[in-house]
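Student: Need the 3D shape of this:
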Amino acid sequence: MSGPSLVKEVAIESRADLVEFLSSGARPRADWKIGTEHEKFGFRNDDLRPPTFDGDRGIEALLKGLTRFGWQPVEEHLLDQPGRVIALTRDQASVSLEPAGQLELSGAPLENLHQTCSETSSHLKEVRAVAEPMGLGFLGMGFQPKWRRDEMPWMPKGRYKIMREYMPKVGSLGLDMMTRTSTVQVNLDVGSEADMVKKFRVSLALQSIATALFADSPFTEGKPNGYLSYRSHIWTDTDAGRTGLLDFVFEDGFGYERYTDYLLDVPMYFVYRDGQYIDASGQSFRDFLDGKLPAYPGHRPLLRDWADHSTTAFPEVRLKKYLEMRGADSGPWNRICALPAFWVGLLYDDVALDAAWDLVKDFSLDERHALRDGVPRQALKLPFRGGTVLDLARKALEISAHGLARRARHNHNGADESIYLAPMMEFAEAGITPAERKLELFHGSWGGSVDPVFTEFAY
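Tutor: Numbering: from 1, shown residues only. Alright, predicted model coming up:
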C-alpha cells in the first residue's frame, strides 16, 4: 500500500485535470520502464512471531539499520510521536511497511529484467545483513501461514488506522488483506491511450492465469485452508467498491475518461494535510471537487489528493500513470523475478501483445469471472473450455518467452530475459503450483506442521 503521494501540490481546476493526470503517463516505447514491488513477512527466528514496530528487534529498528546502505529515512508523526521512521528512499526506489509490518520494496523504474533481478537480490542481501543480527528472518508467501489475525501487529500509521476502522464495514476479510497477505507486482508503461486500453484488457483477462501460476498461500493458522491462493480469495470479500475485474474496461469507448469516472466513484479513505491523515472514509471525491467534503468542508482537492486517491482502488489491474499487475502471491527470489518477466514478455513486445489478445479476446464476461472465482481454489487445474487453466498458462508462458527473446535484452553471459521464466516453466511443465508443493511437504516430511516453511523457504 502506498504512502502519501509525492505529486506537487497543484490545485485541481476541473475534471479534465484528473483525466490529464492519468494520461500524462503515456510515453514513447524507448522510455518504457519496469517497476517491481514485492512484500514479505518478517518473523523472529526464536518463536516465528512477526516483529512489532517498536523495540530492539522491531521493524523501525530494521529500517534504521538499512540506512547504512545509503537509504534515506522517511519520518511520520505517529500517535503524537514525532520523527518515527516508517519508510526509506534511495535512487527512485523505496522500502515501506504494510499494515502488519510486511516489508515492501518498491523498485526503481528500470530498463530491463536483469536490472530488476539484480535490484531484488541486492535488497534481500541488505535486509538479511541487518535482520540476521537482530534474530529476524523474512518469508515470501501470499498469506501468513501460522498466526491468527489477532496475533498480527499493527504499524502505527495514520492511513492504516483509518482503513482498520473502515474495512469491517464493507467486507469480512479486509483486515486479513491488510495484516496477513503479501504480493509481488509489476508496474508497466503505456505508449498511448489505445495502447493502454489493449494492455489493460489483456492483463485483466490473464490476471487469473498469473494468480494460478504463482499460487502460494495454502495455509491458514497452521493448517491447509482449502485454497491454493487464499490471498486471492481474500480480495473477493474485502471491499466490493474498490476491487474486482472492472468489466467496463472491455466495453466500447473505454479510455482514461471512463477510468476517471470509476475512480471518482471509489469511496475515499482520507485527506493528507500537514503530516496528518484526516478520516474521510466512505465519502465522495466528487464532493471534494465541489468543496463539500464533510471531513474537510470548504476545501478543494490538490492534484496530490487525486494521486493519493488513485492508490486506494484495488482492482486486479490498477491504472495510475502506468498499469499495475496485482494478481500474484509473493514468493521466493526467483519468482519475484519471474512475475515481471511474465508480464513484460506479454505486454512490451507487439507480436506477443497481439498473440495474447488473440488468446483472450473472445473470453466472455462470465468466463472471465469463472476464472477469477475458481482459480483461488483450483489454480491450474480449474476446467476451462474443454481443457484447464494449465493449458492457458502454458500458452501464455510461451507467448511471453518469445516476447522476451524478441526484446533481446542480454546479460553479461549473453542470456536474454526469458531465463527468468524458468521457475514458472517448471511448474507449468509439472502441472502443479508452488502451493501444491508446500502441501506435499506439509503432509510428508513436515509432519503436519507449517513451521519448517520459515526455515526452508526464508530468504
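
Student: Could you tell me the per-residue confidence at residue 8?
Tutor: According to the per-residue confidence, residue 8 scores 68 in pLDDT.

Student: Please give me every residue in contact with residue 72.
Tutor: Residue 72 sits next to 88, 89, 90 when contact means Cβ atoms under 8 Å, 6 or more residues apart in numbering. Glycine gets a C-beta too; all of them are placed from N, C-alpha and C.

Student: Identify the bridge partners of it.
Tutor: Residue 72 has these beta-bridge partners by DSSP bridges: residue 89.

Student: Equivalent analysis for residue 183, please.
Tutor: Applying DSSP bridges to residue 183 yields these beta-bridge partners: residue 329.

Student: burial measure for it, as a count.
Tutor: Residue 183 sits with 25 neighbouring residues when counted by other Cβ atoms under 10 Å.

Student: Once you drop chain neighbours, what's closest to residue 281?
Tutor: In this structure, residue 281 finds its nearest non-sequential neighbour in residue 166, 4.0 Å apart by Cβ to Cβ, 6 or more residues apart in numbering.

Student: Now do the contacts for that neighbour.
Tutor: Contacts for residue 166 were tallied using Cβ under 8 Å, 6+ apart; they are 269, 281, 282.

Student: Next one: it from residue 370, what distance?
Tutor: When distances are taken as Cβ to Cβ, to the nearest Å, residue 166 and residue 370 turn out to be 30 Å apart.

Student: How far does stretch 372-390 stretch from one end to the other?
Tutor: From its first residue to its last, stretch 372-390 covers 14 Å (Cα to Cα, to the nearest Å).

Student: Run through who's touching that stretch.
Tutor: Looking at stretch 372-390 with Cβ under 8 Å, 6+ apart, the contacting residues turn out to be 207-209, 211-213, 215, 226-230, 232-233, 236, 245, 316, 367, 370-371, 391-393, 427-428, 431-433, 435-436.

Student: Of these, keep whichever come out buried.
Tutor: The neighbour-count criterion (16 or more other Cβ atoms under 10 Å) marks 207-209, 211-213, 215, 227-230, 232-233, 245, 316, 370-371, 392-393, 427-428, 432-433, 435-436 among those as buried.

Student: The host helix or strand of residue 437: which residues count as buried?
Tutor: Per DSSP states H and E, residue 437 falls inside helix 434-443. Neighbour counts over helix 434-443 (16+ other Cβ under 10 Å) mark 434, 435, 436, 438, 439, 441, 442 as buried.

Student: What is the least confident helix or strand in this protein?
Tutor: The weakest-scoring helix or strand in the chain, judged by mean pLDDT, DSSP states H and E, is strand 72-78 (a mean of 87).

Student: starting at the chain centroid, how far to that one?
Tutor: The chain centroid and the centroid of strand 72-78 are separated by 23 Å under Cα atoms, centre = their mean, to the nearest Å.

Student: Surely residue 35 and residue 108 touch.
Tutor: Yes: judged on Cβ atoms under 8 Å, residue 35 makes contact with residue 108 at a distance of 7.1 Å.

Student: The two: which is more packed in?
Tutor: More neighbours sit around residue 35 than around the other of residue 35 and residue 108, counting by other Cβ under 10 Å; the figures are 20 against 17.

Student: tell me the contacts of the nearest residue to residue 418 once chain neighbours are set aside?
Tutor: Spatial nearest neighbour of residue 418, excluding adjacent residues (Cβ to Cβ, 6+ apart): residue 404 at 4.1 Å. Contacts were defined as Cβ under 8 Å, 6+ apart; by that measure residue 404 touches 113, 341, 344, 345, 349, 416, 417, 418, 420, 421.

Student: May I ask which two of those are separated the most?
Tutor: Of all pairs drawn from the contacts of residue 404, the widest gap by Cβ to Cβ lies between 349 and 420 and measures 14.9 Å.

Student: So between these two, which is more surrounded?
Tutor: Set side by side, residue 349 and residue 420 give different neighbour counts by other Cβ under 10 Å, the larger being at residue 420 (26 against 20).
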